Every structure is written in structure tokens, then in C-alpha cells.
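**Q** Build me a model from this:
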Amino acid sequence: ETQGVCVAAFGESREFPAFFSRQSGFQAPYHVRDEEEAAKLIASALGLGLSSGVLIAVPCPEERAASGQVIEEAIQEALNEARSKGITGKELTPFMLQKVNELTDGRSLDSNLALIQNNARVGSCIAVALSKLQKARRKGNLPQREVTTPPQPVVIGGINVDFIAKAQNPVILGGGQTNIGRVRRTFGGVGRNLADCLSRLGWTPLFLSAVGKDEHSDSILHYCHHMDMSAVLQLEGKSTATYCAVITSTGELSVGLGDMDIHHQITEQYVSQFKENLCQSPLVCIDGNVPLSTIQYVCQLAKEHQLSVCYEPTDENKASKPFLSDSWKALTYISPNLQELRAINRTLGNPLPAGIEGSV
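**A** Residues are numbered from 1 along each chain as shown. As a prediction, this is how the structure comes out:
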């Protein structure tokens, strides 16, 4: 999820297969039933220009799959023996494979060989299906959809220029010392990210946001050329929102600094100019960077016109904005993480479920 890798289970079940058996107890985010569905999924990912891959989880053939409980017991026994013998690092994996094979009288090895052979068969079938699909698209042999112009989704939220400074060492040196590392610039903002994703999916939403007329705005507009940026405010004398994160070599955030004042310019008065677009929109997305009065205006409009609204809380300190009044009742979807959900729960005066208080 962190790296945006699509994970899909292959076959009749959506359950993600375990290493030696067909069951793991966990559901995969997506499910493809056969080679054709897998090929369509991969083609869609390629068409979106994503830099991440697609993971197709193919279970071991049912007739060769070992009992999950037997294998799990063998793994636990092998782990205990490895600990008692002090086996760690690169020696652990070959020890585990050999020990589990011994404890299961070779059944784990049979399952593994069957899995490798089945992976090769399924992988080649998916490759053939993908090749046929790509050839058909190049030749224009796919059924043509009727050309219509559906109403645009509307996204209301922030645009950020993010500077990520990653130190070479796991510990950041203090006292004014220069830390060796790498600095890169990316374009973000929750609203911008949502609008970008919808645009790549072919929905090209109307994006309502604000940037300054400064050295960053031209770069943003150039980077977002595939998006509808026609309604974005460009304000003289204001600074485009920027965020700088300093992280250690292990990815731990050391310090974060943000200049987000321009988000206050995404006002109710500005957004109300696009009331007709909002009322016709199949989906309105709004993020927590937007001022409270603007969120309340959108929620009231959604209530009056039965609009679908998706709220992205953004962070723990902004998550509760719609929940300070009855505005939240107009929301259709919300996507909080655990910290944001805690904040919302506190605002609503609800007790936290047992076991949640101390978890991260």
C-alpha cells in the first residue's frame, strides 16, 4: 500500500495464499478470476503510467497443497529450534526450509515445487492474454464506447510543493552541523493527489485550489498539465504551500515544516462560484486543508442536492472539522487513518473501543 503496489489474488478465492498452503486467513485487496482478468488489470496499470508493479498471488494447486495447520506447527517448531541454536541472518532461511521439509516428511517441498510450476504456467498464460489485449487495442479491434461527456467530479483541496531531505546517516546531527544527504522536490497536497488519481483514471475532475504567483506555481501547472487546473486560484502576494520534511536514512521523520497559509484562500465565496458544477457532480472530494466554513458549505449543498461527498481528513489536527457540527451527516465516504479516527471519535464524544487506546 505504501508504495502503491496493486495486490490481487488469482483464482476462485480472494484469500491471499500462504507460502506453503492455499489459505493465510487474510483477504487480498483485489481479486482476478482468470488470465484475462489479470491481463486487463495489468493493462490498466500500464495505461495509467504508474511506476509500481502488480503482484498477482497464485495459490499452490489444490491437489498438491499441504495442510496449513501442519505446516504452521512445523514452522513454529523450526523457529523455536533456530532460536535455541542462535541461528540468525542469512543462515536462517535455508535452515527453516530444510527443517520444515524434514518435519513434514517432504510435503512442504512438494508443495513448493508445485507452486513454482503452477506460477510458470499461470504467468505465461497471463503474458499471452496481455499480449493479445495490447494487440487488439493497437489495431482498434475493441468495441467502441459511445462518446459522451459525463459530469465532472469536483475536488476541493490543497496543493503543496514538498521538499524531502533524507540524511545519509540514521541519526540527524544537531548543533548547526551539516548532515550529508539528498534533497528532492515532489508535488503533492491531498486535494492535488486525489485530482491527479481521478485524472489518470480518465475522470478529469474540476479542481478547486489556490497557489501563489511565485517560483513554484509555473512548475506545478507544468507538472499537472494532464489535469483540469483552469479553476485554480493564482494569487499575487501569496506563497504557494510548501512542506519540508527532514528524515533519517531509515525513513524516520526528524522534523517537518509547513507553510500552508494559502489554503485559507479556498473560501466558501470562491467555491460557491462553481455551485452548478458541484450540484451536477457525481462525486465531490474535499480534504481537511480546506477552511471549516467551506466544508460546511459543501456539506449543506450535498444535503440539499443529495450529492456524494468523500472527505479525506488529511491529518489528526484537521480531521474533526466536519464533526464539529452536523455537517458530517452529509458525508458519503471518509478515509481516516487510526490517529484521525481517534480524533473524530473524541470530537463526537464516543468512548474508544477496548484495546485501541494504546495502539498506533
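**Q** CA atoms for contacts and neighbours, from now on please.
**A** Will do.
**Q** what does stretch 327-337 rub up against?
**A** Applying CA atoms under 8 Å, 6 or more residues apart in numbering, the contact partners of stretch 327-337 are 295-296, 299-300, 302-303, 308-314, 319, 322.
**Q** Stretch 167-186 too?
**A** Residues outside stretch 167-186 that contact it (CA under 8 Å, 6+ apart) are 161-166, 246-250, 254.
**Q** in that stretch, what's buried?
**A** Residues 167, 172, 179 are the ones in stretch 167-186 that count as buried (16 or more other CA atoms under 10 Å).
**Q** can I get the CA coordinates of that stretch in CSV?
**A** Output of stretch 167-186 as CSV, limited to C-alpha atoms (Å, rounded to 0.1, in the frame of the first residue of the first chain):
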residue,chain,number,x,y,z
ALA,A,167,20.0,12.1,5.6
GLN,A,168,22.7,9.6,4.8
ASN,A,169,23.0,8.6,8.5
PRO,A,170,20.4,7.1,10.8
VAL,A,171,20.9,9.9,13.3
ILE,A,172,20.5,13.6,12.5
LEU,A,173,23.4,15.7,13.8
GLY,A,174,22.4,18.7,15.8
GLY,A,175,24.3,21.8,16.8
GLY,A,176,24.1,23.5,13.4
GLN,A,177,26.2,20.8,11.7
THR,A,178,25.5,20.0,8.0
ASN,A,179,24.1,16.5,7.5
ILE,A,180,25.1,14.7,4.3
GLY,A,181,22.1,13.6,2.4
ARG,A,182,19.8,14.0,-0.7
VAL,A,183,17.1,16.6,-1.2
ARG,A,184,14.3,16.0,-3.8
ARG,A,185,11.2,18.0,-4.7
THR,A,186,7.8,16.5,-5.3
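**Q** what's the spacing between it and its chain's center?
**A** Distance, stretch centre to chain centre, for stretch 167-186: 27 Å (CA atoms, centre = their mean, to the nearest Å).
**Q** now do stretch 200-213
**A** Chain-centre distance of stretch 200-213: 19 Å, with CA atoms, centre = their mean.
**Q** And for stretch 216-233?
**A** With CA atoms, centre = their mean as the basis, stretch 216-233 stands 22 Å off its chain's centre.
**Q** one step back: select only the buried ones of the contacts of stretch 167-186 in ChimeraX?
**A** A single ChimeraX command selects the buried members of these (16+ other CA under 10 Å):
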select :161,162,163,164,165,166,246,247,248,249
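**Q** Identify, from the contacts of stretch 167-186, the entry nearest to residue 232.
**A** residue 161 (15.2 Å; CA to CA).
**Q** Is it correct that the closest one falls within a strand?
**A** Yes - membership of residue 161 in a strand is supported by DSSP: H, G, I helix; E, B strand; the rest coil.
**Q** That one: what's it in contact with?
**A** 185-189, 216, 220, 240-243.
**Q** Beta-bridge partners for it, please?
**A** Bridge pairing for residue 161 (DSSP bridges) gives the partners residue 187, residue 242.
**Q** Could you measure from it over to residue 190?
**A** According to CA to CA, to the nearest Å, residue 161 stands 11 Å off from residue 190.
**Q** How about residue 223?
**A** Residue 223 sits 16 Å away from residue 190, going by CA to CA.
**Q** Quick one: mean pLDDT over the longest helix along the chain.
**A** Taking DSSP state H as the criterion, the chain has its longest helix at helix 107-139. For helix 107-139, mean pLDDT rounds to 86.
**Q** Quick check: mean pLDDT of the helix or strand just after it?
**A** Helices and strands here follow DSSP states H and E; after helix 107-139, the next one along the chain is strand 154-156. Average pLDDT, strand 154-156: 98.
**Q** Also stretch 337-348?
**A** 92.
**Q** again with stretch 257-264
**A** The pLDDT scores in stretch 257-264 average 94.
**Q** same check, this time on stretch 62-82
**A** The average pLDDT within stretch 62-82 is 80.
**Q** tell me how far it is from the chain's mean position?
**A** With CA atoms, centre = their mean, you get 33 Å for stretch 62-82.
**Q** And the helices in the stretch 201-350 of the chain?
**A** 217-223, 268-272, 275-280, 292-305, 338-348 (DSSP state H, counting those that start in this stretch).
**Q** Which one of residue 223 and residue 190 is surrounded by more residues?
**A** Under the criterion of other CA atoms under 10 Å, the comparison of residue 223 against residue 190 puts residue 190 first, with 21 against 12.
**Q** circling back: give me the helices and strands touching the longest helix of the chain, please.
**A** Packing partners of helix 107-139 (3 or more CA pairs under 8 Å, 6 or more residues apart in numbering; DSSP states H and E): helix 35-47, helix 92-103.
**Q** Would you mind listing the buried residues in that helix?
**A** In helix 107-139, counting by 16+ other CA under 10 Å, buried: 107-109, 111-112, 114-115, 118-119, 122-123, 125-127, 129-130, 133.
**Q** Please apply the same query to stretch 319-337.
**A** Residues 319-323, 327-328, 330-331, 334, 336 are the ones in stretch 319-337 that count as buried (16+ other CA under 10 Å).
**Q** And for stretch 81-97?
**A** For stretch 81-97, the neighbour count (16+ other CA under 10 Å) marks 82, 95-96 as buried.
**Q** Compile those into CSV and extend it with columns for distance to residue 258.
**A** Listed next are the buried residues of stretch 81-97 as CSV, based on distance: CA to CA, whole Å:
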residue, distance to residue 258
82, 48
95, 49
96, 48
